[in-house]
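Enquirer: What would the 3D arrangement of this be:
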Amino acid sequence: MESSVNNQQQNAKEMGSSDFKVGILGGGQLGKMLALAASNWDLKTAILDSSKDFPAGAVANEFVEGNFKDYDDVYNFGQKVDVLTIEIEHVNTEALLRLEQEGKIVHPSPKALDIIKDKGLQKTFYKEQNIPSAPFALYKDKMAVLHAIESGKLSYPFVQKSRTAGYDGPGVAVIKGADYLSKLLPGACMIEDLVDIDKEIAVVVARNADGEVKTYPSVEMEFNPEANLVEFLFCPAQLTEAQDETCQALAKKTIEAYNVCGLLAVELFLTKDGQIWVNEVAPRTHNSGHHTIDACQTSQFEQQIRAILNLPLGSTEMHQAAVMVNLLGAPGFTGPVKFQGWKEVVAIEGAHFHIYGKAVTKPFRKMGHATVVDKDLEKAKTKARQILQEFKIIS
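Expert: Modelled structure (predicted):
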């Protein structure tokens with residue numbers, strides 16, 4: 001660990017050199033915003049993904065077309081950069097492990113990624129680390145789930161999650177009774193009790209190689225019931241002081257347990273009976289931290305750069321209250337992007353728009369986000385709901 005830290009400190013000292021390069025696996029909107037943050041410091045970025053037409057292709061200094069799930073593509077890409085990080089966890093970790101063994105700085109660690117990208121391993125990890133989480137069971141496939149129901153070992157209602165590759169709605173099925181069995185997902189899965197949730201909370205936490213840890217203020221999430229995606233995010237979350245302290249402490253405990261350098265978005269459940277459980281995590285910048293660009297002293301994207309370079313972490317203090325609204329593709333439209341109501345919503349005071357640059361819209365596809373800042377959280381909520389109502393992304 002000491003040699004890794006020393007190497008990282010040396011790289012941080014050299015980051016101003018013209019040939020220093022940050023490598024990012026993934027060229028979507030997170031890669032775009034991460035590259036934009038790096039460019040503020042004149043840091044050069046290289047991105048690996050399958051098409052330069054993706055959002056990050058317009059802003060990265062170098063875009064390598066390839067597959068971040070392919071061993072050779074990831075290994076060869078990693079050889080060309082000084083520090084390697086991610087915008088998506090579903091990457092080839094075998095290549096990352098080899099690069100790390102050869103002295104390349106890789107954050108987050110491949111070992112942590114292997115746990116996090118398998119929801120079954122995640123839940124087992126929380127149990128081993130005494131991190132509170134919902135009760136669960138693991139099944140090898142859909143037939144095993146059906147057999148458990150028939151034998152009485154599993155009862156309704158429950159939530160099924162694919163162990164790998166599932167996120168943002170896909171990969172999650174809520175099974176309330178026998179009439180819902182057609183929604184069961186194929187493949188290895190995890191089953192959780194259907195928790196009686198009062199609120200869904202998230203805390204983005206950062207950690208560098210020196211062990212410095214900083215958390216952002218807790219946020220409260222409101223989901224689109226049809227797409228199972230975050231529709232609104234409110235910050236600060238409406239929690240008691242004790243509840244907020246518990247959320248913040250759990251986020252710190254979780255990132256330290258994983259030994260992650262970079263960011264960890266920790267999603268939590270506040271149950272109706274007052275318990276706070278870790279739901280799952282993402283080892284990268286996250287939808288639940290987008291508001292930090294406009295509402296905090298340091299954005300989550302700059303914070304990831306600071307963390308992976310082992311620089312002092314930036315202040316996470318908020319300027320004002322904030323509401324983030326995801327701008328999703330309108331239902332019934334697939335094709336080239338058109339905006340409806342753009343002139344009206346950009347006139348809203350305190351609203352900041354971030355359009356990702358995806359060429360094709362699809363129903364409920366994340367096409368951008370808007371953050372409304374205001375001294376009064378309720379006023380910010382009203383403006384955010386106005387944006388959702390008046391602005392449509394169609395084709």
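Enquirer: other SSEs contacting the one helix or strand residue 147 maps to?
Expert: Residue 147 belongs to helix 142-150 when elements are defined using DSSP states H and E. Helix 142-150 is packed against strand 136-139, strand 189-193, with contacts defined by 3 or more Cβ pairs under 8 Å, 6 or more residues apart in numbering; DSSP states H and E. The way it works is simple: take the backbone N, C-alpha and C, and place the C-beta from them, glycine included.
Enquirer: just those strands: most buried one?
Expert: Stretch with highest mean neighbour count among the helices and strands packed on helix 142-150: strand 189-193 (a mean of 20; mean count of other Cβ atoms under 10 Å).
Enquirer: Give the pairing partners of that one; include direction for each.
Expert: According to DSSP bridges, strand 189-193 has the following sheet partners: strand 136-139 (antiparallel), strand 158-162 (antiparallel).
Enquirer: Now mean pLDDT too, for those, in JSON lines please.
Expert: Below are the strands paired with strand 189-193 laid out as JSON lines (pLDDT from 0 to 100):
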{"stretch": "strand 136-139", "mean pLDDT": "96"}
{"stretch": "strand 158-162", "mean pLDDT": "95"}
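Enquirer: Relative to residue 86, which of these is closest?
Expert: Closest approach to residue 86 among the strands paired with strand 189-193 is made by strand 158-162 (19.9 Å; Cβ to Cβ).
Enquirer: So what touches that closest one?
Expert: Strand 158-162 has contacts (Cβ atoms under 8 Å, 6 or more residues apart in numbering) with 119, 145, 171-175, 184-185, 187-195.
Enquirer: among the strands paired with strand 189-193, which is nearest residue 84?
Expert: Nearest of those (Cβ to Cβ): strand 158-162, 26.7 Å.
Enquirer: Which residues does the next helix or strand after the closest one contact?
Expert: Remark: after strand 158-162, the chain's next helix or strand is strand 172-175, criterion DSSP H and E. Outside strand 172-175, the residues within contact range by Cβ under 8 Å, 6+ apart are 156-162, 166, 180-181, 183-185, 194, 228.
Enquirer: go with 6 Å
Expert: For strand 172-175, contacts defined as Cβ atoms under 6 Å, 6 or more residues apart in numbering pick out 158, 159, 160, 161, 183, 185.
Enquirer: I'd like to know which elements the longest helix belonging to the chain is packed against.
Expert: In the chain, with assignment by DSSP state H, the single longest helix is helix 241-258. Identification of packing neighbours for helix 241-258 by 3 or more Cβ pairs under 6 Å, 6 or more residues apart in numbering; DSSP states H and E yields strand 197-207, strand 213-215, strand 262-271.
Enquirer: filter the contacts of strand 158-162 to the buried ones?
Expert: Neighbour counting with 16 or more other Cβ atoms under 10 Å marks 119, 145, 171-173, 175, 184-185, 188-192, 195 as buried within the contacts of strand 158-162.
Enquirer: what's the most distant pair in those residues?
Expert: Pairwise distances across these (Cβ to Cβ) peak at 21.7 Å, for the pair 188 and 195.
Enquirer: Now the residue most central in space within the chain: phi and psi?
Expert: Nearest to the geometric centre of the chain sits residue 286, at 2.8 Å (Cα atoms, centre = their mean). When read as degrees, to the nearest 10, the backbone of residue 286 gives phi -150, psi 160.
Enquirer: same thing with the one 3 residues further on?
Expert: Listed backbone geometry of residue 289 is phi -120, psi 10, with angles given as degrees, to the nearest 10.
Enquirer: Next, the contact list for it, please.
Expert: Applying Cβ under 6 Å, 6+ apart to residue 289 gives the contacts 204, 300.
Enquirer: ok, so what distance separates it from residue 303?
Expert: In this view, residue 289 and residue 303 are 9 Å apart by Cβ to Cβ, to the nearest Å.
Enquirer: which residue packs closest to residue 123, ignoring adjacent ones?
Expert: Distances taken as Cβ to Cβ, 6 or more residues apart in numbering place residue 136 nearest to residue 123, at 4.8 Å, with adjacent residues excluded.
Enquirer: give the contact list for the one you found.
Expert: Listed by Cβ under 6 Å, 6+ apart, the contact set of residue 136 reads 123, 190, 192.
Enquirer: for residue 52, same thing?
Expert: Counted by Cβ under 6 Å, 6+ apart, residue 52 has contacts residue 63.
Enquirer: ok so it is a strand residue?
Expert: No: applying DSSP: H, G, I helix; E, B strand; the rest coil, one finds residue 52 to be coil, outside a strand.
Enquirer: Give me the distance between it and residue 59.
Expert: Relative to residue 59, residue 52 is positioned 11 Å away (Cβ to Cβ).
Enquirer: Residue ranges of each domain in this structure, please.
Expert: 2-106, 135-193, 197-394 (automatic domain parsing).
Enquirer: Looking at those domains, spot the one closest to residue 115.
Expert: Nearest to residue 115, of all the domains of the chain, is domain 197-394, at 7.2 Å by Cβ to Cβ.
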